[in-house]
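Visitor: could you look at this predicted model? Sequence included:
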Amino acid sequence: MAVAIVYETHSITTDNEAGIATGWLPGELSETGRDLARELGRRRRDDGISAVFTSDLARAVETAEIAFAGSGIPIHQDARLRECDYGTLNGGPVSELARLRSKHITEPFPGGQSYQDVVDQTRDFLAEIARDWQGHRILLISHSANRWALDNLLHGTPLEDLVDAPFAWREGWHYALP
């Protein structure tokens, strides 16, 4: 039986609003982000979700905790759902990171990881989910690199086509994990 995965990005952070690429830094939700986290909870609490899996970075954890407070839906933190480690660019300008993304598909950022490293972490996470959550619907709250990894692994989309594509936020992405 397949696992139904709903993917949602963490809510808007103060770094997002300031044009900063947080990377492996914790990050903090802005007031708008906290409002959006509450909206995520209203949208997903009664959506048949068995569990929430979130990156262990503070901005993703905060999103999940606000969204699902008091719901009884278990929240699991997992470091394999972290954003790409931009190394020396963690906390740097998004504009600088954006022009370098395609150079770091397989080559790690200085002092960090490559996007392929994120795919590999996500593959390991999905193998565990496929084993332990068959027949369930789960929610992942994570980061842009993790959505690219899901698109790569589950839809076969090349990372080269994903890292420079414009971001268009929406109310979740849906995947089936065989």
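Guide: Received, thanks.

Visitor: and Arg123, how many neighbours?
Guide: As a burial measure, Arg123 scores 13 neighbours (other C-beta atoms under 10 Å). Where you see a C-beta, it was placed from the backbone N, CA and C, and this is true even at glycine.

Visitor: would it count as being in a helix?
Guide: Yes - counting by DSSP: H, G, I helix; E, B strand; the rest coil, Arg123 is part of a helix.

Visitor: how about the contacts made by it?
Guide: Ala149, Leu153 (C-beta atoms under 8 Å, 6 or more residues apart in numbering).

Visitor: now it: how far from Tyr86?
Guide: 21 Å (C-beta to C-beta, to the nearest Å).

Visitor: what bridges to the residue most central in space within the chain?
Guide: Compute the mean C-alpha point of the chain, and by C-alpha atoms, centre = their mean the closest residue is Ser142, 2.0 Å away. Following DSSP bridges, Ser142 is listed with bridge partners Thr9.

Visitor: wouldn't it be in contact with Val61 here?
Guide: No - Ser142 is beyond contact range of Val61, at 10.9 Å (criterion: C-beta atoms under 8 Å).

Visitor: picking that back up, what pLDDT does the residue nearest to the centre of the chain get?
Guide: If you check Ser142, the pLDDT there is 97.

Visitor: next one: Ala168
Guide: For Ala168, pLDDT reads 77.

Visitor: count the neighbours of it for me.
Guide: 5.

Visitor: check Thr88 too.
Guide: With other C-beta under 10 Å as criterion, Thr88 counts 11.

Visitor: check for me that it belongs to a helix.
Guide: Yes - the assignment for Thr88 by three-state DSSP puts it in a helix.

Visitor: start at 524, not 1
Guide: With the count now opening at 524, the last piece we talked about shows up as Thr611.

Visitor: confirm for me that it is in contact with Pro631.
Guide: No - proximity of Thr611 to Pro631 does not meet the contact threshold set by C-beta under 8 Å, at 10.9 Å.

Visitor: give me the neighbour count for Leu682.
Guide: Neighbours of Leu682 (other C-beta under 10 Å): 22.
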